[in-house]
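> The sequence isn't on hand, but the structure is:
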């Protein structure tokens, strides 16, 4: 259950944000869709690996503490993608 909420759900959140940004920027001549794709290509698997290792190394830490830290780590890539919208 810890891995579901700490690895899978943050990865799905990242996939959703990257997909929305890619779909909203197709066909308008912007390179933002490609940039979001490249960020997602590297950030989503890397974040999932980091979160899985974090959960694995701390088996006695409280559930909500782990989930909060995993979601905080997982928000880095979506925030970078949304920030690119304003450049």
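Thanks, I have it. No experiment lies behind these values; they were computed from the predicted model shown.

> going forward, measure contacts between C-alpha atoms and count neighbours the same way
OK.

> where do the strands sit along the chain?
With DSSP state E, there are no strands along the chain.

> Chain neighbours aside, what residue packs nearest to the residue nearest in space to the middle of it?
For the chain, residue 14 is the residue whose C-alpha lies nearest the centre (C-alpha atoms, centre = their mean; 3.4 Å). In this structure, residue 14 finds its nearest non-sequential neighbour in residue 78, 6.0 Å apart by C-alpha to C-alpha, 6 or more residues apart in numbering.

> Surely that neighbour is in contact with residue 18?
Yes - contact criterion C-alpha atoms under 8 Å: residue 78 and residue 18 qualify, at 6.8 Å.

> residue boundaries of the helices in this structure?
All helices of the chain, identified by DSSP state H, fall at 2-3, 9-24, 32-57, 63-74, 76-84.

> what would those look like in CSV with mean pLDDT?
Shown next, in CSV, are those (pLDDT from 0 to 100):
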stretch, mean pLDDT
helix 2-3, 90
helix 9-24, 91
helix 32-57, 92
helix 63-74, 92
helix 76-84, 88
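
> Next, count neighbours for the residue nearest to residue 14.
Residue 78 has 22 neighbouring residues, counting by other C-alpha atoms under 10 Å.

> Quick check: it vs residue 65, distance?
Distance, residue 78 to residue 65, using C-alpha to C-alpha, to the nearest Å: 21 Å.

> swap in residue 79?
As for residue 79, its distance to residue 65 is 21 Å (criterion: C-alpha to C-alpha).

> more crowded one of the two?
For residue 79 versus residue 65, neighbours defined as other C-alpha under 10 Å are more numerous around residue 79 (12 against 9).
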